[in-house]
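Novice: pasting the sequence and the predicted coordinates here, then a few questions.
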Amino acid sequence: MSGYQIKRKLLKLALITAGMSLGAITIEAQDIESLPFEPIPFEPIEPFLIEPFPLEPIPIKPIETIPLTLFPLEDQNRGNSPIYHIVLVDLIDTVTEAEIEALIADGKDSIVSIPGVCSVDIGLKLRDDRDVHIGDYDLAVYVQLGYAAALDAYGSHPNHQAFLERQRHLWSSIRVIDFSGSAPSTIWNDCQ
């Protein structure tokens, strides 16, 4: 690009910046040559490399795992994590629909008022059409407790014992699953 072309481009840029355009002004080559443009001095920058910062590996200590079965139930649930109590019930063959409805209502009313109980639900088996389903039960009881010690108190609580006495003639067997949750129970504050 010639000096003329550079000066013309710079002038065009200056005019555009000022809100004008070269299209409305006739500029002759000698006019551009006579403009007082001075070369812009610049100094070349020498390339340089930035040395990479050496990264040291962070030592990771292995986490010691201890089987929870070595500790009493209260210690397994040190963080006040919720406890889940699930009962799978095999009903007798002669049980009626009305007896099942009464059992469900009685269970919910009796169990929900036990201290430490956060949530109770009881219902008939929904499905067992896949291999992964546990199919050999008729009714399930789900109880969420707010902390581990509540599980021990739950079993011997008079409301629970009275419910068992009133309804045990309706089932042939039961199986129980108890497990501890991994996060503190924050939803049901009143059951702590």
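Specialist: Looks like it arrived, so ask away.

Novice: going along the chain, name the strands of the protein.
Specialist: Counting by DSSP state E, the chain has strands at residues 83-91, 117-124, 139-145, 171-180.

Novice: am I right that residue 141 is in contact with residue 122?
Specialist: Yes: assessed by C-beta atoms under 8 Å, residue 141 is found in contact with residue 122 at 5.0 Å. Just so you know, the C-beta spots here come from the backbone N, C-alpha and C atoms, and that holds for glycine as well.

Novice: shared neighbours, the two?
Specialist: Shared contacts of residue 141 and residue 122 (C-beta atoms under 8 Å, 6 or more residues apart in numbering): residue 107.

Novice: low-confidence ranges, this structure, go.
Specialist: Along the chain, segments meeting pLDDT under 70 span 1-8, 11, 13-45, 47-54, 58, 60-80, 183-192.

Novice: before we move on, the earlier item: adding mean neighbour count, write the strands of the chain out as CSV.
Specialist: Listed next are the strands of the chain as CSV, based on neighbours: other C-beta atoms under 10 Å:
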stretch, mean neighbour count
strand 83-91, 18
strand 117-124, 17
strand 139-145, 21
strand 171-180, 14
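
Novice: of those strands, which is nearest residue 159?
Specialist: Nearest to residue 159 among the strands of the chain is strand 117-124 (9.3 Å), distances taken as C-beta to C-beta.

Novice: just the CA coordinates for the closest one, please, in PDB.
Specialist: Provided in PDB are the C-alpha atoms of strand 117-124 (Å, rounded to 0.1, in the frame of the first residue of the first chain):
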ATOM      1  CA  VAL A 117     -41.700 -40.600  63.600                       C
ATOM      2  CA  CYS A 118     -41.500 -38.100  60.700                       C
ATOM      3  CA  SER A 119     -43.600 -39.900  58.100                       C
ATOM      4  CA  VAL A 120     -45.800 -43.000  57.800                       C
ATOM      5  CA  ASP A 121     -47.400 -44.600  54.800                       C
ATOM      6  CA  ILE A 122     -49.000 -48.000  54.300                       C
ATOM      7  CA  GLY A 123     -50.200 -49.500  51.100                       C
ATOM      8  CA  LEU A 124     -50.800 -52.600  49.000                       C
END
